[in-house]
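J.: Below are the sequence and a predicted model for it; my questions follow.
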Amino acid sequence: MLVLSSPSGAGKTTLSRRLLASDANLAMSVSMTTRKIRAGEREGVDYVFVTTDAFDLAVRDSQFLEYAVVFDHRYGTPKTPVMEALGRGCDVLFDIDWQGTQQLKEQAREDLVSIFVLPPSHPELERRLKVRAQDADEVVATRMAKAADEISHWAEYDYVIVNDNLDEAGANIVAILAAERLKRPRQIGLSEFVRGLQESG
């Protein structure tokens, strides 16, 4: 499980899309949310959009690996598709905040790698939020006010990347993923392979 978190506008969604496009062994965890669909988003691809009642029912039925309230909307990671992807030997990418990351750590500490993406500066973060033009000015102001609180959780993550240059930030995430996959406990069948080498010698 690979987690990317950042304050809104720091670039984690763009970085996630780039990573998914370049790695066939990576599946995106699609969160369920109660917020309205935005222009360009697709149901079941970007999010699963549901009513508050449907979300609360899923919480009661323990269907989530993690869930949180962000900007007055509920977000949660459905458990079943993640477990199915992992069962197929596929790594799973999560675009979630620090609250969700804390919950995931409680359930899967040894199988979780977390990366926090920082913006290069406060003015640049505000510029990016305004440029994407998906939110009203008051929403941008709310997101900027919340950014300081989100950034305060950076030290809880395994890796921290400053997204000053999209290509460099993306290359760093690819490098982290490659290194984590090469860790001895994650290399399935390695013991048998080494035993075979020893016996053939």
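T.: Thanks, I have it.
J.: quick one, helices of this protein?
T.: With DSSP state H, the ranges of helices along the chain come out as 12-22, 52-60, 79-87, 98-108, 122-131, 137-151, 166-181, 190-200.
J.: Can you lay out the ones you listed as a markdown table showing distance to Gly44, mean pLDDT and mean neighbour count?
T.: For the C-beta atoms, the positions are set from N, CA and C on the backbone; glycine is no exception. Output for the helices of the chain, formatted as a markdown table (distance: least, CB to CB, whole Å; pLDDT from 0 to 100; neighbours: other CB atoms under 10 Å):
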| stretch | distance to Gly44 | mean pLDDT | mean neighbour count |
| --- | --- | --- | --- |
| helix 12-22 | 15 | 92 | 17 |
| helix 52-60 | 14 | 96 | 13 |
| helix 79-87 | 10 | 93 | 14 |
| helix 98-108 | 19 | 90 | 17 |
| helix 122-131 | 26 | 79 | 15 |
| helix 137-151 | 25 | 80 | 14 |
| helix 166-181 | 25 | 96 | 15 |
| helix 190-200 | 36 | 92 | 9 |
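J.: Among the ones you listed, which comes closest to Ile115?
T.: The closest of those to Ile115 is helix 166-181. By CB to CB, the value is 6.3 Å.
J.: Show me what the closest one is packed against.
T.: Helix 166-181 is packed against strand 2-5, helix 12-22, strand 113-118, strand 159-162, with contacts defined by 3 or more CB pairs under 8 Å, 6 or more residues apart in numbering; DSSP states H and E.
J.: Relative to the last one, what are the paired strands and their orientations?
T.: Within its sheet, and counting by DSSP bridges, strand 159-162 is paired with strand 113-118 (parallel).
J.: what sits up against the strand it pairs with?
T.: 1-6, 10-12, 15, 101, 105, 151, 153-154, 156-163, 169, 173, 176-177, 180 (CB atoms under 8 Å, 6 or more residues apart in numbering).
J.: tilt between that strand and helix 137-151?
T.: On the basis of axes from the mean of the first three to the mean of the last three CA atoms, to 10 degrees, strand 113-118 is oriented at 130 degrees to helix 137-151.
J.: closest one to Gly89 among the helices and strands packed on helix 166-181?
T.: Between Gly89 and the helices and strands packed on helix 166-181, the shortest separation by CB to CB is 14.4 Å, and it involves strand 2-5.
J.: rewinding a little: mind putting the helices and strands packed on helix 166-181 into TSV with distance to Ile96?
T.: Rendered in TSV, the data for these read as follows (distance: least, CB to CB, whole Å):
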stretch	distance to Ile96
strand 2-5	6
helix 12-22	9
strand 113-118	10
strand 159-162	15
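J.: Of all the ones you listed, which one comes closest to Gln187?
T.: That would be, of those and by CB to CB, strand 113-118, which comes in at 14.9 Å.
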